[in-house]
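>>> Let me see the structure of the following:
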Amino acid sequence: MKDRSLLLKKFVAQTLKDVLGLPDTEAVDEQQGFFNLGMDSLMAVEVRNRLQNMLGHGIMLTPTLAIDYPNIAALSEQILALLFEEGTTASLPSPSIATRRDDHEPIAIIGFNCRFPKANTPEALWSLLQEERNAIQEIPQDRWDINAYYDPDIEAPGKMITRHSGFLEAIDKFDPLFFGISPREAEEMDPNSACS
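I've put the predicted structure just below:
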């Protein structure tokens, strides 16, 4: 079991280095928090996705795995526990997979989606750019009470001097928990564009 744990920690550490762009030679303390190393919520999802791809579908890792278990030791321990639960069909990655890194491996784009102001699909974005249309509009009433925030006086405290910006449609469909963002934080961020 100790050998399995060491192998898994090595595998998780390499995955982390790949996502964060850290050199292979850099040692990472297994207790150091991922977010202290520069990880953001999108990188956390990428770490989970890479681990899921290597482990297969014998177990299902949650999208917030790297947020819930925010260091190499905790994450490895959780994956090990999942791997050896009764009835699972997943297995540890082989040492060759855990340590292999090929910076010249071809990349295949298998899907693309985006949302920008006045362009909810890649096709709509392309059309917006080709036609040189302006995606800026007056701030929608369902987003902010513009009359409460607007003041043409640049010196007015707590006010803004514009009534226009670029806004995504159907922003209430944004799933902040998937990205490890609290609903309150998402409201403050007011996401205006997204691409994946």
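>>> For the residue nearest the centre of the chain, report the pLDDT, please.
Against the mean C-alpha coordinate of the chain, by CA atoms, centre = their mean, the closest residue is residue 42 at 1.5 Å. Looking at residue 42, its pLDDT stands at 86.
>>> Secondary structure element holding it?
helix 41-55 (DSSP states H and E).
>>> list the helices and strands that helix packs on?
Counting contacts by 3 or more CB pairs under 8 Å, 6 or more residues apart in numbering; DSSP states H and E, helix 41-55 is packed against helix 2-20, helix 65-68, helix 72-83. Just so you know, the C-beta spots here come from the backbone N, C-alpha and C atoms, and that holds for glycine as well.
>>> which one of those helices has the most crowded surroundings?
Most buried of these by mean neighbour count (mean count of other CB atoms under 10 Å) is helix 65-68; its value is a mean of 21.
>>> from the middle of its chain, how far away would that one be?
How far helix 65-68 lies from its chain's middle: 11 Å, per CA atoms, centre = their mean, to the nearest Å.
>>> give me the element the residue in the chain sticking out farthest from the centre is part of.
Farthest-out residue of the chain from its mean C-alpha position, per CA atoms, centre = their mean: residue 153, at 38.7 Å. Under the criterion DSSP H and E, no helix or strand holds residue 153.
>>> What distance do you get for the residue nearest to residue 176 when sequence neighbours are not counted to residue 128?
Take residue 176 and drop its neighbours on the chain: the residue closest to it by CB to CB, 6 or more residues apart in numbering is residue 186, 3.7 Å away. With distances taken as CB to CB, to the nearest Å, residue 186 is found 25 Å from residue 128.
>>> these two touch, right, residue 140 and residue 166?
No: assessed by CB atoms under 8 Å, residue 140 is found out of contact with residue 166, at 11.1 Å.
>>> Could I get the average pLDDT for stretch 180-190?
Here stretch 180-190 scores 73 as its mean pLDDT.
>>> What are the buried residues along it?
Neighbour counts over stretch 180-190 (16 or more other CB atoms under 10 Å) mark 180, 181, 186 as buried.
>>> do the same with stretch 138-157
For stretch 138-157, a neighbour-count test (16+ other CB under 10 Å) marks 139, 146 as buried.
>>> can you give me the end-to-end distance of it?
21 Å (CA to CA, to the nearest Å).
>>> Got the confidence number for residue 70?
So residue 70 comes in at 90 (pLDDT).
>>> ditto for residue 16
The per-residue pLDDT reported for residue 16 equals 90.
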